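# pasting a predicted model and its sequence here:
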Amino acid sequence: AQSVTQLDSQVPVFEEAPVELRCNYSSSVSVYLFWYVQYPNQGLQLLLKYLSGSTLVKGINGFEAEFNKSQTSFHLRKPSVHISDTAEYFCAVSVAGAGSYQLTFGKGTKLSVIP
Amino acid sequence: DAGVTQSPTHLIKTRGQQVTLRCSPISGHKSVSWYQQVLGQGPQFIFQYYEKEERGRGNFPDRFSARQFPNYSSELNVNALLLGDSALYLCASSLRGGEDTQYFGPGTRLLVL
């Protein structure tokens, strides 16, 4: 079975500063990796995903993530955050090539952007 | 195009009751998945359906059941509600399942008293 660990439950950062949200996963098989964002009282929105190919993945809203197989990590980064980035961010994995496409999520990281 | 829609948005039930939650996928999407998100946690997988067949089931008791209709909409049923079933229930749709992107609806917030 696979699991996801999001190392920080809360990350405060000043507006226009860079941010990194950390995600590590555990799996004995190949995985697909995802970052989702959840704004208050809303569902989840996909930021970016890694299926194969280039390990640096660019997503929406200026976010990017790098897949590091040796360190089993998929950290999310943004060079300059805005107030509107305040939300909860979830890292998720699924088993590559499996029939059931179930996502296993981490517990989330709350990003608070301080003006 | 309309996104994934879920109804109702909020629901209050008492212990022992039964509840039915509904989901309409994005037009053209044939796969629907259900997730439970307890406050302060990430979503947990409950079911996935594709072309009206159950494709996957998470670690939930038999009190939880679901089905998918010919128009690809789906219902999640929970019987004999417990206080611990209080959560946000999220529905996600995708074209075929597999590695297709899952698009989430806004969720149904269930409170069990």
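That came in fine, so what should we check first?

# could you report the neighbour count for residue 47?
If you meant another chain, say so; for now it's chain A. 24 (other C-beta atoms under 10 Å in any protein chain shown). Any C-beta I mention is one placed from the backbone N, CA and C, and that applies to glycine too.

# oops, wrong one, chain B.
If you count neighbours by other C-beta under 10 Å, residue B:47 ends up with 24.

# show me what contacts it?
Under the criterion of C-beta atoms under 8 Å, 6 or more residues apart in numbering or on different chains, the neighbours of residue B:47 are B:33-34, B:54, B:56-58, B:64, B:66, B:76.

# rerun at 10 Å
Contacts for residue B:47 (C-beta atoms under 10 Å, 6 or more residues apart in numbering or on different chains) come out as A:100, A:102, B:32-35, B:54-58, B:60, B:64-68, B:74, B:76, B:91.

# so what pLDDT did it get?
Looking at residue B:47, its pLDDT stands at 92.

# got a quick PyMOL command for the buried subset of the contacts of residue B:47?
A single PyMOL command selects the buried members of the contacts of residue B:47 (16 or more other C-beta atoms under 10 Å in any protein chain shown):
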select buried, (chain A and resi 100+102) or (chain B and resi 32+33+34+35+55+56+58+60+64+65+66+68+74+76+91)
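
# just the ones of the contacts of residue B:47 in strands?
Per DSSP state E, strands hold the following members of these: B:32-35, B:54-57, B:64-68, B:74, B:76, B:91.

# hang on, isn't residue B:42 packed against residue A:38?
Yes: when contacts are counted by C-beta atoms under 10 Å, residue B:42 is listed as touching residue A:38 (9.5 Å).

# quickly list what's touching both of the two.
The contact sets of residue B:42 and residue A:38 overlap at A:44, A:88, A:90, A:108 (C-beta under 10 Å, 6+ apart).

# of the residues you listed, which is the most crowded?
Counting neighbours by other C-beta under 10 Å, residue A:44 comes out on top of these with 28 neighbours.

# could you pull out the strands for the chain?
No chain was given, so I picked chain A. Assigned by DSSP E, chain A shows strands spanning A:3-6, A:10-14, A:19-21, A:23-26, A:31-38, A:44-50, A:56-58, A:64-68, A:73-78, A:87-95, A:104-105, A:109-114.

# ah, I was thinking of chain B
Counting by DSSP E, the strands of chain B are B:5-7, B:10-13, B:19-24, B:31-37, B:44-50, B:53-57, B:64-68, B:74-78, B:87-94, B:103-104, B:108-112.
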